[in-house]
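A.B. asks: make a model of this:
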Amino acid sequence: MYHTIFLTIFLTIFFCFNSGIKKKRHCKENQILTMTFLVNHEKLPPFTLIMPESFLVDIEGELEDFNKLNMHFFSNYYVNENDEKTLYFITEFIEKFHSPPSVNRFSYQGYDITRYFITCLIHNFDTSKFSYQPTALDFEFETIGERDGFENRRLRLLQLQDFEIIEVK
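C.D. replies: Got it, this is the predicted structure:
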């Protein structure tokens with residue numbers, strides 16, 4: 001019985017996120033009904049729900065219900081505002097621009113990308129010669145093809161816990 005419930009839930013959520021109907025009303029209603037069922041069903045065994053990162057945008061404002069679900073997701077972007085290097089970046093950013101870095105990623109991404117590639121350039125692109133601690137983006141490049149360049153394949157597993165997003169180590 002539980003396998004059928006989980007398969008139904010998975011298919012409902014998966015197809016809504018990966019089809020062209022993500023923003024349509026009935027898809028959103030199905031997601032809310034499915035998640036409400038999960039939150040309120042007391043007889044379900046403990047489980048971990050792994051969702052696409054885009055789901056966080058859709059549930060904004062409804063975190064109270066979703067906080068109960070042991071929700072995890074993968075992302076290449078995560079800002080730990082308690083990290084020493086991140087706090088240094090925020091302080092320096094405010095000092096220079098007289099406002100905090102934007103939450104919508106661009107400030108952190110620009111800083112990480114610039115810092116990473118300048119460090120790579122200094123070390124002749126030999127990543128074994130330096131250690132990199134990101135504020136938001138981490139890098140792990142792999143070749144795509146013989147002449148196709150590189151692609152960043154680094155993902156982090158994140159969890160919604162106590163109304164905060166934390167990195168699962």
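A.B. asks: so Ile144 touches Phe150, yeah?
C.D. replies: Yes. When contacts are counted by Cβ atoms under 8 Å, Ile144 is listed as touching Phe150 (6.8 Å). For every residue, glycine as well, the C-beta is placed using N, CA and C.
A.B. asks: does Arg115 count as helix, strand or coil?
C.D. replies: Taking DSSP: H, G, I helix; E, B strand; the rest coil as the rule, one finds Arg115 in the helix state.
A.B. asks: ok, it to Leu49 distance?
C.D. replies: 34 Å (Cβ to Cβ, to the nearest Å).
A.B. asks: please apply the same query to Phe117.
C.D. replies: Taking Cβ to Cβ, one finds Phe117 at 36 Å from Leu49.
A.B. asks: of those two, who's got more company?
C.D. replies: The neighbour count for Phe117 versus Leu49, taken as other Cβ atoms under 10 Å, is higher for Leu49 (18 against 12).
A.B. asks: dump the residue contacts of the more buried one.
C.D. replies: With contacts defined as Cβ atoms under 8 Å, 6 or more residues apart in numbering, the neighbours of Leu49 are 38, 69-72.
A.B. asks: for it, give me the pLDDT.
C.D. replies: If you check Leu49, the pLDDT there is 71.
A.B. asks: show me what it is bridged to.
C.D. replies: Beta-bridge pairing for Leu49 (DSSP bridges): Met71.
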